[in-house]
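Novice: sequence first, then the predicted structure, then my questions.
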Amino acid sequence: LLLLFLCPKVWAETQSVFFFSPNCVEAQKHIAALRLTKAETLLAQEAKDYPNNAAVALLQNSILFYRMVTVQDFSGFKALESSRDSRLQQAKKIPTNSPFHLYAQSEIHLQWGFIKVFHQEYVGAMLEFKNAYQMANQNLEKFPDFKPSLKTVGMFKALLGSTPKNYKWILSVAGLKGNFEQGMSEMESYLKKEYAPDFILDKQLAVFYYGLFSLNFGDKQAAWEFCKQHTNDYPTNLMSCYLRAFTASKVAQNDEAIKVLQNRPKGAEYENFYLLDYLLGQCKLNRLDEDADQALKKFVSFFKGKQLVSDAYRRLSWHYLIHNDLAKYKVYRELSLRQGSSDSEEEKYIKNEIAQGQHPDVIILKARLLFDGGYYAKAEEVIKLRNPDVFKTDYQKLEYNYRLGRIYQEQNKLSKATDCFKLVIKMAPLNTPYYFAPNACLQMGIIYKKMGFTKIAASHLKNVSNYSKAEYLQSISFKAANELEDIEKQ
């Protein structure tokens, strides 16, 4: 074996091997931090030295994966897609008695699943995910002590297990099933064990999976503590910077998110991660900063993808509205509508306002933004500047009471919150096109569940489905179904 490594040309046409050489380990450090060009240089040399090392193929695919999901420049995508098959072929040449045979294939399929999601090829993405999950499962059965596959299996179990029962038929069609608690436990087990120092990207992905699942389906404060523990390298690592700032922005730590983003690593060696500019602009807008437009303008000017562009323009319009520049508000509102934003009832209402020469209520908008930033006391102070009796439309009345209810809820003023939500439910007909009433039912269910009144909670959660014409009903119903399933387990 030593002779073969010293004379790579001897085995250039034989089966593949898999090992993380010093160059591969160093390349992983650069990939994890989004210094992708440096990683490419190291791997190009490694491919010359050891052309049959399938670890190089996996890491080269990892570079493409990290670039696609962060930069989201899909120009020339078909040419890039051709590399998938050649890398899979090299992985397949790894001996079947090695855990890396299925591991490398599984990870390539997994990465291409995420890439295709961002490219909006959802059927192709599902097939990639199915292959990734099945291969990781098979590998864990053959090699139960091979922990990198445990990370992937745990991720899939948690993802699939977070799907409510009445949606699981979709997964059964694809031959997939999961268990959220088991998946989270397996990822936690992987992260707590001593992992091989060579598997740098595996560790980073496990942190992302576990952290984001905890944030969306678990205890948000625990998710924040976990994130802080695993992203201390954010001053030199753009991926850690993103996870830390994103999590902070979702747990009422808006100031911390801004601090992290303003101190992120910069330099020519890093990829242009413009999603960080979007996040900075969003967080600064939530604080009502006068310069929030700068980061958002940078994002819409340079970002190559389609995700969030319409929303960024909408936030720019909000920025100028709350700073009394109606001319720029109308310009950016129109740019947002041109970007193919959703034809939601909120959008229709705003279009109608613009046509009539009106605009959203500035006080409610400021309160909404402050709430999103976690500035709940300030949001309450601001929204109470508006007398609800002045509102003329159902939309304005519903929005005022719904947002005031959410502000009370996050400050644990639960009696006042339920009073507001009850008013929203009373005011809205069952055929309401707006999301306020079904969301009020959802929040009532969450409140009563928290208080231990599970029967009352379940009743409110079931009422969500009564609003069959409301926008975003599928998303709200999904959350309500998860809450109901959690009640059933108690």
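Specialist: Thanks, I have it. Here the structure is a predicted model, which is why all the values come from computation and not from measurement.

Novice: below-threshold pLDDT in the protein: ranges please.
Specialist: Within the chain, the segments meeting pLDDT under 70 span 1-13, 164-176, 194-196, 340-358.

Novice: in it, which residue is closest to the centre?
Specialist: Centroid-nearest residue in the chain: residue 212, 7.0 Å away (criterion: Cα atoms, centre = their mean).

Novice: got the contact list for that one?
Specialist: residue 243 (Cβ atoms under 8 Å, 6 or more residues apart in numbering). Backbone N, C-alpha and C define where each C-beta goes, glycine included.

Novice: now with 10 Å, please.
Specialist: With contact set as Cβ atoms under 10 Å, 6 or more residues apart in numbering, residue 212 has these partners: 155, 158-159, 223, 227, 243, 246-247, 250.

Novice: checking it next. Helix, strand or coil?
Specialist: Three-state call for residue 212 (DSSP: H, G, I helix; E, B strand; the rest coil): helix.

Novice: quick check, nearest of the contacts of residue 212 to residue 487?
Specialist: residue 158 (20.0 Å; Cβ to Cβ).

Novice: wait, that closest one sits on residue 206?
Specialist: No: checked against Cβ atoms under 10 Å, the pair residue 158 and residue 206 is beyond contact range at 11.2 Å.

Novice: overlap in contacts, these two.
Specialist: Contact with both residue 158 and residue 206 is made by residues 186-187, according to Cβ under 10 Å, 6+ apart.

Novice: can I get the helix or strand containing residue 397 as CSV, trimmed to CA atoms?
Specialist: For residue 397, the element it lies in under DSSP states H and E is helix 394-410. Output of helix 394-410 as CSV, limited to C-alpha atoms (Å, rounded to 0.1, in the frame of the first residue of the first chain):
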residue,chain,number,x,y,z
ASP,A,394,-61.0,45.2,7.9
TYR,A,395,-57.4,44.5,7.0
GLN,A,396,-56.1,47.3,9.2
LYS,A,397,-58.3,46.4,12.2
LEU,A,398,-57.3,42.7,12.0
GLU,A,399,-53.6,43.5,11.6
TYR,A,400,-53.6,45.9,14.5
ASN,A,401,-55.2,43.5,17.0
TYR,A,402,-53.2,40.5,15.7
ARG,A,403,-49.8,42.3,16.0
LEU,A,404,-50.7,43.7,19.4
GLY,A,405,-51.6,40.2,20.5
ARG,A,406,-48.3,38.8,19.3
ILE,A,407,-46.4,41.6,21.1
TYR,A,408,-48.3,40.8,24.4
GLN,A,409,-47.6,37.1,23.8
GLU,A,410,-43.9,37.4,23.5
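
Novice: tell me which strands and helices that helix is in contact with?
Specialist: Contacting helix 394-410 under the criterion 3 or more Cβ pairs under 10 Å, 6 or more residues apart in numbering; DSSP states H and E are the following elements: helix 345-355, helix 362-372, helix 376-383, helix 414-427, helix 436-451.

Novice: show me what counts as buried in that helix.
Specialist: 394-410 (16 or more other Cβ atoms under 10 Å).

Novice: how about a markdown table for the helices and strands packed on helix 394-410, with distance to residue 302 and mean neighbour count added?
Specialist: Shown next, in a markdown table, are these (distance: least, Cβ to Cβ, whole Å; neighbours: other Cβ atoms under 10 Å):
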| stretch | distance to residue 302 | mean neighbour count |
| --- | --- | --- |
| helix 345-355 | 25 | 15 |
| helix 362-372 | 24 | 20 |
| helix 376-383 | 32 | 18 |
| helix 414-427 | 40 | 18 |
| helix 436-451 | 34 | 22 |
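
Novice: residue 18 is nearest to which of those helices?
Specialist: So among the helices and strands packed on helix 394-410, helix 362-372 is nearest, using Cβ to Cβ, at 45.6 Å.

Novice: next one: the closest one to chain centre, how far?
Specialist: Averaging C-alpha positions (Cα atoms, centre = their mean, to the nearest Å) puts helix 362-372 23 Å from its chain's average.

Novice: show me what that helix is packed against.
Specialist: Checking 3+ Cβ pairs under 10 Å, 6+ apart, helix 362-372 ends up next to helix 275-286, helix 309-322, helix 376-383, helix 394-410.

Novice: at 6 Å instead, please
Specialist: helix 275-286, helix 376-383 (3 or more Cβ pairs under 6 Å, 6 or more residues apart in numbering; DSSP states H and E).

Novice: which one of the ones you listed lies nearest to residue 219?
Specialist: It's helix 376-383; of the helices and strands packed on helix 362-372, that one is closest to residue 219 (Cβ to Cβ) at 18.6 Å.

Novice: outside of that closest one itself, list whatever touches it.
Specialist: For helix 376-383, contacts defined as Cβ atoms under 6 Å, 6 or more residues apart in numbering pick out 366-367, 370-371, 404, 407, 410-411.

Novice: residues in contact with stretch 325-334: which ones?
Specialist: Contacts for stretch 325-334 (Cβ under 6 Å, 6+ apart): 313, 316-317, 320-321.

Novice: quick one: which two of those residues are the most distant?
Specialist: 313 and 321 (12.7 Å).
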